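>>> Generate a structure from the sequence data that follows.
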Amino acid sequence: MKYKVTYILKNGDKKNAAVEAADEREAALAFSNDGFVAAVEKETGAAGPASLTPAVVSFFRRPDDFSLMLFARELSTLLRAGLTMPESLDIIEGHLNNKMLKSAVINIKNDIVAGASFSAAVRKQPEVFSELFAKCVAGGEAASDLTGVLNILAQNLKNSYQMKSRLVNIMLYPAVILTITFCVFAFLLFYVVPSFETVFYEIKIDIPPHTAALFFISGFVKKNITLLAISGVVLAAVFLLSGAAAAARRIALKLLRKLPVSSTIVDNYSMFVFSGMLSSLLRSAAPALESFTVALFALKDTVSDHKREAAVEILKSGGSFSKAVASLDLADGVMARMCAVGERSGKISDMIDLINEYYLESLQNSIERLAEVLEPLIIFITGIFIAALILSVFLPIIKITMGGM
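Numbers count the residues shown, from 1 in each chain. Model (predicted):
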């Protein structure tokens, strides 16, 4: 693959050259001894197989919160040690394993060398860094405390990773049960049900409607299994590529917020992230209005745009934190009341720290409650499905036996 490499000599002259290389890193290394490599770009018309990689592959290659946490923490450490941003990014990029994150770091480094700010460069990589990450970085630059904000982001990403890991562990047992149920259901549908169907039609007995429907489904699936499998793969690809996944996520959040246990988890998680970001930004000496505006983005899935804008306007007009939070009309009024106490005592940052701990404990309790409710519910539902399938097959046999007696 051909790349165009831009590098800067020691006397300041900028040079351009073309080189054949396997990837951007190899192209950059080809001129690293000649000067500082400022940019590496693919030659127009030289698109290789990588350019044909579908977005669905990128979806699964996206770095997780743990990888982003390590990136933010290491970048903060290197910057505190006195290295420049391009030097820090170059060191980090050298040992990254996630190809998507590595590519994003290379692009960010090139943008910074070209004169862009770190936040602007991060904002150009939305497939890797969330909008909340970009907004926090911009807030850190405005407050001249980028390293502090990166540490804040690292801690929040760590908390997010731990919460998601706990949810995954809790969901693992129901997932195993559902998988076993699906396998049993498929075995009965493909091998057991057709055998009974042949016997029933040979002895010419009356088949109940639900049993006839089961026979029809079994025959249809067995005849069209290949077509159904291909259709499922195509629909999944279209779902991921068309942007429908984001719309489905919004719909799923609305549905989850209507259920007793899941709504508590969604609300507590949003408030946990919001209060954590707000507390940390305030402690980094960022302006109160800017800290609130950036942290408020964590509530974009649970609070409407006009309510968030109204809360920001309250602070702009000189209102208090407690009034701004109260205007968000959150599920509970805990944060608004505790902010009011913090304002009266003059320790708003300490109070928001306590709020963050409160929502962390509430989130942990909600996750435990979900586990207690979900496991027996899954077992009950799978039992109903298997029992319905077996009864649909054996009821005609029971009727024959009863008739013969």
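
>>> Only C-alpha atoms from now on, for both contacts and neighbour counts.
Will do.

>>> And for E131, the neighbour number?
Residues lying near E131 (other C-alpha atoms under 10 Å) number 17.

>>> cool, and V312?
Look at V312: counted by other C-alpha under 10 Å, it has 22 neighbours.

>>> Is it correct that it falls within a helix?
Yes. Assessed with DSSP: H, G, I helix; E, B strand; the rest coil, V312 lies in a helix.

>>> got the contact list for it?
Shown in contact with V312 (C-alpha atoms under 8 Å, 6 or more residues apart in numbering): L289, F292, T293, A324.

>>> Show me the shaky parts of the stretch 101-250 of the chain.
Where the stretch 101-250 of the chain drops to pLDDT under 70, the residues are 239-250.

>>> returning to what we had before: will you turn the contacts of V312 into CSV that also has pLDDT?
Formatted as CSV, the contacts of V312 follow (pLDDT from 0 to 100):
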residue, pLDDT
L289, 81
F292, 84
T293, 82
A324, 88
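
>>> Selecting buried members of the residues you listed in ChimeraX, what would you type?
Buried residues within the contacts of V312, by 16 or more other C-alpha atoms under 10 Å, are selected in ChimeraX with:
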select :289,292,293,324
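
>>> ok, for the residue sitting nearest the centre point of the chain, nearest residue in space, not its chain neighbours?
Most central in the chain under C-alpha atoms, centre = their mean is D64, positioned 7.8 Å from the mean C-alpha point. Once flanking residues are discounted, D64 sits nearest to Y161: 8.0 Å by C-alpha to C-alpha, 6 or more residues apart in numbering.

>>> Counting neighbours, what do you get for the one you found?
When neighbours are counted by other C-alpha under 10 Å, Y161 comes out with 18.

>>> Make 817 the starting number, not 1.
With the count now opening at 817, the last piece we talked about shows up as Y977.

>>> ok, now which ones touch it?
Taking C-alpha under 8 Å, 6+ apart, one finds D880, D881, F882 in contact with Y977.

>>> Secondary structure class of V1119, three-state.
Applying three-state DSSP: V1119 is coil.

>>> ok so, going back, of the contacts of Y977, closest to D1022?
Distance to D1022 across these (C-alpha to C-alpha) is lowest for D880, with 56.6 Å.

>>> Phi first, then psi, for the closest one.
Backbone torsions of D880, given as degrees, to the nearest 10, read phi -90, psi 180.

>>> domain parsing for the chain?
Under automatic domain parsing, the residue ranges defining each domain of the chain are 818-868, 872-945, 983-1221.

>>> mind giving me CSV with those domains and columns for distance to G955?
Below are those laid out as CSV (distance: least, C-alpha to C-alpha, whole Å):
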stretch, distance to G955
domain 818-868, 26
domain 872-945, 9
domain 983-1221, 7
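
>>> can you tell which of the ones you listed is closest to I968?
domain 983-1221 (6.1 Å).

>>> now the closest one: how far from the chain's centre is it?
Distance, stretch centre to chain centre, for domain 983-1221: 14 Å (C-alpha atoms, centre = their mean, to the nearest Å).

>>> elements contacting the strand or helix carrying I908?
In the assignment (DSSP states H and E), I908 maps to helix 901-910. Counting contacts by 3 or more C-alpha pairs under 8 Å, 6 or more residues apart in numbering; DSSP states H and E, helix 901-910 packs against helix 881-896, helix 915-929.

>>> quick one: average pLDDT of it?
Here helix 901-910 scores 90 as its mean pLDDT.

>>> sorry, back to before: out of the helices and strands packed on helix 901-910, the one nearest D961 is which?
With respect to D961, and counting by C-alpha to C-alpha, the nearest of the helices and strands packed on helix 901-910 is helix 881-896 at 10.2 Å.

>>> give me every residue that touches V921.
By C-alpha under 8 Å, 6+ apart, the contact set of V921 is L905, E909.
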